[in-house]
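Novice: I'll drop the sequence and a predicted model, then ask my questions.
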Amino acid sequence: MSNKGITPRSENYSQWYLDVIERADLAENSSVRGCMVIKPYGFAIWENIQKELDRRIKESGAKNAYFPIFIPKSFFSKEASHVKGFAKECAVVTHYRLKESEDGKGVIVDPEAKLEEELVVRPTSETIMYDTFSRWISSWRDLPLRINQWANIVRWEKRTRPFLRTTEFLWQEGHTVHATHGESEKEVLRALKMYSDFAKEVLALEVYSGRKSESEKFAGALNTYGVEALMQDGKALQFGTSHDLGQNFAKVFGISFADDDGKTKHPWQTSWGVSTRMMGAVIMSHSDDLGLILPPRIAPIKIAIIPIFNDESQNEVLQFSENLYEEISKVVDGVELDQREFLSPGFKFNEWEKKGVPIRIEIGKRDIEKDEVVIVRRDTNEKNSVNSREIGVRVLALLEEIQQNLLKRSTEILQNNTHEVSSYTEFKKILKGKKGFVKAYWCGREECEENIKYETKATTRCFSKEGEGNCIYCGKETADEWVFAIPY
RNA sequence: CGGGGAGUAGUUCAGUUGGCUAGAACGCUGCGUUUGGGACGCAGAGGCCGCAGGUUCAAGUCCUGUCUCCCCGACCA
């Protein structure tokens, strides 16, 4: 059995995805059901994502805070549709103590230590935060309130997959409160744009974004907007959402304020979030059969320098590569000098490829003699020799070029795999074959949406545009074009 | 919760109709030779064959029970 090749994407996409994660050393399954251990290299990517996104969140005026992981059951059950949406996937704390079991083997839950009120491990923090907000807000001068939280949350999903859907996951949730619906609607769209910009500029992912259908709405929201990316197997992955919560939560959590007209009003709220699932989107969209490909902006190691030497040339090459390392480090963070003597160059090339490092620099005696180094870019695997004196400028430009190239590729894939159709036969044919996004008119009736889902597995991902057409399923005239796809 | 599959070395697995001291590859340790695409040689460490019963002269292998994990669906960011 060979452990060299990664499963080709065409053969078994799901297995290929798991291989990429394992071989890049990003994460592994833990012994806890559905939970994942994010390993140091994977976590470093997450930290880069966090850093960049946190900056953008703060630019919007939001401040970071932290709320409890436990939500009293009673809080959780105030907003009727919210409960309905999350009830099926909640982990609940019922006891606060263990004791030795009677046969002396191990421990049991102490039945004496039952909580008076059970605590729900947060599946999202609306309720616990808004309970607090009701005490923070009393005047129009307290608005808008913008709070962001980086946290772990738990959703007891039936089926889990690393990064895409784990029982516990890390995310960022922004919660804002506004005096008027106009303001909160603006905020919802601002957050949505922040996410789609982030996808493009940082993750190098082209996306669709827009309003969700009634059935895909967040539990308790007036309207939900989402960002959708396309994976290499033609399925869509939602990686961010932004909700217009209206006054639903304000009413049940007693959040009200005295407006400048002297009247007491309920404010308008929004919430928006993205999770570690984004990393799944990055892994799935950019990687190839050699392994992970990371957009430079989130790569923990942007450049790996590999000295190639033998006993005779060792000193000279190492000295040269150390100088090179110093030189490049002046302009780039995340340079790795791989001086390990016990590994062959080929092994190292492969190792950094699997990890998705954007640029590899090879340097041996024959380069030094010509005063050159070899630069290899991960996205195209092109090899070029460049003069070692201009290395700093060259790698900076190349990192940017790789970032842009990945986005360009992603954009092309999205465009080439988006089909506008007007007949249901065509619709079904595409979703049975190469899949991808399908733009089609839909009358808005849940019945049609459900039938389409049942027959093709595709659902509405987001609203596309207004035009003129007939519902792809029932044929009724409608102005609404929607983006459909088979989701993860 | 339905449908499949698997539990044997750190990992992936082989182990025939029950039969000698349970194997391989990769990984790991030591020594030596190597080093421009996953190096090679030699030596070594590493196992309650998921767990509990049973059948048998003899069980990794057969039977019963039990636990766990993985994959494919339904639920979902």
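Specialist: Sure, I can see it.
Novice: As a check, name the ranges of all helices in the stretch 151-300 of chain A.
Specialist: Taking DSSP state H, counting those that start in this stretch as the test, the helices found in the stretch 151-300 of chain A are A:181-201, A:248-253, A:277-286.
Novice: Format those helices as a markdown table; extra columns: mean pLDDT.
Specialist: A markdown table is the format used below for the helices of the stretch 151-300 of chain A (pLDDT from 0 to 100):
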| stretch | mean pLDDT |
| --- | --- |
| helix A:181-201 | 98 |
| helix A:248-253 | 96 |
| helix A:277-286 | 94 |
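Novice: Quick one: closest of those helices to RNA strand B.
Specialist: Comparison of these against RNA strand B by Cβ to the nearest atom of the strand identifies helix A:277-286 as nearest, at 3.8 Å. To be clear about C-beta, it is placed using only N, CA and C from the backbone, and glycine gets the same treatment.
Novice: can you tell if the closest one touches RNA strand B?
Specialist: Yes. Helix A:277-286 lies within reach of RNA strand B by Cβ under 7 Å from any atom of the strand, at residue A:277.
Novice: Number of residues surrounding residue A:88?
Specialist: 10 (other Cβ atoms under 10 Å).
Novice: Could you do residue A:344 as well?
Specialist: 10.
Novice: that older thread, turn the helices of the stretch 151-300 of chain A into CSV, columns for mean neighbour count.
Specialist: Output for the helices of the stretch 151-300 of chain A, formatted as CSV (neighbours: other Cβ atoms under 10 Å):
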stretch, mean neighbour count
helix A:181-201, 19
helix A:248-253, 21
helix A:277-286, 25
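Novice: Please name every helix or strand in contact with the worst-scoring helix or strand of chain A on mean pLDDT.
Specialist: Every helix and strand in chain A was compared by mean pLDDT, DSSP states H and E; the lowest is strand A:107-109, with a mean of 80. Counting contacts by 3 or more Cβ pairs under 8 Å, 6 or more residues apart in numbering; DSSP states H and E, strand A:107-109 packs against strand A:98-100.
Novice: Buried residues, the strand it packs on. List them.
Specialist: When neighbours are counted by 16 or more other Cβ atoms under 10 Å, no buried residue of strand A:98-100 is found.
Novice: Now do it: distance to the chain's middle.
Specialist: 40 Å (Cα atoms, centre = their mean, to the nearest Å).
Novice: ok, and for stretch A:30-47, which residues are buried?
Specialist: For stretch A:30-47, burial by neighbour count (16+ other Cβ under 10 Å) applies to A:34, A:36, A:38, A:41-46.
Novice: Quick check: the farthest pair among those?
Specialist: Greatest spatial distance in the buried residues of stretch A:30-47: A:34 and A:44, 23.5 Å, computed using Cβ to Cβ.
Novice: Okay, now the unreliable bits of chain A?
Specialist: Low-confidence segments of chain A (pLDDT under 70): A:1-5, A:103-105.
Novice: quick one: furthest residue from the center of it?
Specialist: residue A:312 (48.1 Å; Cα atoms, centre = their mean).
Novice: Please report how far that one lies from RNA strand B.
Specialist: 8 Å (Cβ to the nearest atom of the strand, to the nearest Å).
Novice: Contacts only, for the nearest residue to residue A:255 once chain neighbours are set aside.
Specialist: Residue nearest to residue A:255 in three dimensions, not counting chain neighbours: residue A:134, with 4.5 Å by Cβ to Cβ, 6 or more residues apart in numbering. If you count contacts by Cβ atoms under 8 Å, 6 or more residues apart in numbering, residue A:134 has them with A:253-256.
Novice: quick one: which of those is nearest RNA strand B?
Specialist: Relative to RNA strand B, the closest of the contacts of residue A:134 is residue A:253; by Cβ to the nearest atom of the strand it sits at 21.1 Å.
Novice: pretty sure that closest one contacts residue A:135?
Specialist: No. Assessed by Cβ atoms under 8 Å, residue A:253 is found out of contact with residue A:135, at 10.1 Å.
Novice: wait, which of the helices of the stretch 151-300 of chain A is closest to residue A:77?
Specialist: The closest of the helices of the stretch 151-300 of chain A to residue A:77 is helix A:248-253. By Cβ to Cβ, the value is 9.7 Å.
Novice: So which other helices or strands are in contact with that closest one?
Specialist: With contacts taken as 3+ Cβ pairs under 8 Å, 6+ apart, helix A:248-253 sits against helix A:80-86, helix A:126-136, strand A:268-275.
Novice: Which one of the ones you listed lies nearest to RNA strand B?
Specialist: Of all the helices and strands packed on helix A:248-253, strand A:268-275 comes closest under Cβ to the nearest atom of the strand, at 4.3 Å.
Novice: Mind listing the strands that closest one pairs with, and their directions?
Specialist: strand A:168-178 (antiparallel), strand A:236-246 (antiparallel) (DSSP bridges).
Novice: so which of those strands is the most packed in?
Specialist: Of all those, strand A:236-246 carries the top mean neighbour count, a mean of 25, counting by mean count of other Cβ atoms under 10 Å.
Novice: So what's the residue count around residue A:214?
Specialist: The number of residues packed near residue A:214 is 12, by other Cβ under 10 Å.
Novice: Surely it is in contact with residue A:446?
Specialist: Yes. Between residue A:214 and residue A:446 there is a contact at 6.5 Å, judged by Cβ under 8 Å.
Novice: Geometric centre of chain A: which residue is closest?
Specialist: In chain A, the centroid-proximal residue (Cα atoms, centre = their mean) is residue A:278; its distance is 1.4 Å.
Novice: ok, now how distant is the closest residue to RNA strand B within the stretch 201-350 of chain A from residue A:379?
Specialist: For the stretch 201-350 of chain A and RNA strand B, the shortest gap (Cβ to the nearest atom of the strand) falls at residue A:346, measuring 2.4 Å. Separation of residue A:346 from residue A:379 (Cβ to Cβ, to the nearest Å): 20 Å.
Novice: out of the two, which sits in the busier spot?
Specialist: Ranked by neighbour count (other Cβ under 10 Å), residue A:346 and residue A:379 place residue A:379 first, with 23 against 10.
Novice: backbone phi and psi for that one, please?
Specialist: In terms of degrees, to the nearest 10, the main-chain angles of residue A:379 are phi -70, psi -30.
Novice: Do any residues in stretch A:237-255 lie close to RNA strand B?
Specialist: Yes. Residues of stretch A:237-255 contacting RNA strand B under Cβ under 7 Å from any atom of the strand: A:238-241.
Novice: again, but for stretch A:141-157
Specialist: Yes. Stretch A:141-157 lies within reach of RNA strand B by Cβ under 7 Å from any atom of the strand, at A:155, A:157.
Novice: again, but for stretch A:358-378
Specialist: Yes. Interface with RNA strand B: stretch A:358-378 contributes A:362-368, A:374, A:376 (Cβ under 7 Å from any atom of the strand).
Novice: where do the strands sit along the stretch 251-400 of chain A?
Specialist: A:257-258, A:264-265, A:268-275, A:303-308, A:335-337, A:359-364, A:372-377, A:383-387 (DSSP state E, counting those that start in this stretch).
Novice: now for the second one, which elements pack on it?
Specialist: Which is strand A:264-265. When contacts are defined as 3+ Cβ pairs under 8 Å, 6+ apart, strand A:264-265 packs onto strand A:257-258.
Novice: now swap in the fourth one and tell me
Specialist: Applying 3+ Cβ pairs under 8 Å, 6+ apart, we find strand A:303-308 packed against helix A:314-329, strand A:335-337, helix A:345-354, strand A:359-364.
Novice: Show me chain A divided up by domain.
Specialist: Taking automatic domain parsing as the criterion, chain A consists of the domains A:13-89+A:123-286, A:303-398, A:419-485.
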